[in-house]
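[1] Below are the sequence and a predicted model; questions follow.
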Amino acid sequence: MPLNIPIVLTWLRIALIPLVVGLFYLPDTWMAPATRDTLAAICFIGAALTDWFDGWLARRWNQTSAFGAFLDPVADKLMVCAALLVLLNLGRVDAFIALIIIGREITISALREWMAQIGASASVAVHRLGKFKTAAQMVAIPCLLYDRPILGVDAAWAGTLLIWVAGVLTVWSMLYYLQRAWPAIRDKSL
């Protein structure tokens, strides 16, 4: 396993997951809910920024690796799924949306794995639809974690709107990837 700054940042993103989740298990006598929500949102934002930054550094410093290419999306999916489960438990996200997003992540991960095994991974390469979906999620989730007004804007309302946008983009991007993969699926299934 190569060890460089981009991979360390990816591991840091994974390490932040139990911190974000753990904050919601602290008794209110240890930390006020507003403080807890603020810290969780800040941790999630920090983790989301490392997602962008580690990829940028890896490309800029020519430190890309097969392990980094594997670990980065795993870290993203773990982070998003953990946050959605916390938000579901808090009643801040609808179960339907959480199921759509988590189900899509599992489906597309499995699809990419299978497509790589048959030598057709290029047909399910990352597309801008997936990037828009990720951007909507990465803004929605900290808004829902924070759950109070920011500069006069209701973060819970904005987060709910954006998570529904992410849900629509989730389905759209999943259908796009499945359509792109269908010829290979059809040919290899016969």
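    Structure received.

[2] Val124 contacts Ala181, correct?
    Yes. Counting by C-beta atoms under 8 Å, Val124 does reach Ala181; the two are 5.3 Å apart. Every C-beta, even on glycine, is put in place using the N, C-alpha and C of the backbone.

[3] Now list whatever residues contact both of the two.
    The contact sets of Val124 and Ala181 overlap at Leu111, Met115 (C-beta atoms under 8 Å, 6 or more residues apart in numbering).

[4] which helix is the longest one in this protein?
    If you go by DSSP state H, the chain has its longest helix at helix 155-189.

[5] Please name every helix or strand in contact with that helix.
    The contact analysis (3 or more C-beta pairs under 8 Å, 6 or more residues apart in numbering; DSSP states H and E) places helix 155-189 against helix 95-117, helix 128-146.

[6] Name the residues of the first one that are buried.
    Taking 16 or more other C-beta atoms under 10 Å as the neighbour-count basis, helix 95-117 is seen to contain the buried residues Ile97, Ala98, Ile100, Ile101, Ile102, Arg104, Glu105, Ile108, Leu111, Arg112, Trp114, Met115.

[7] Stretch 160-168 too?
    Thr160, Leu162, Ile163, Trp164, Val165, Ala166, Gly167.

[8] For Gly152, what are phi and psi?
    In this entry, Gly152 is assigned phi and psi values of phi 80, psi 0 (degrees, to the nearest 10).

[9] ok so, going back, out of the helices and strands packed on helix 155-189, flag the one nearest Asp28.
    Comparing these against Asp28 with C-beta to C-beta, the closest turns out to be helix 128-146 (16.4 Å).
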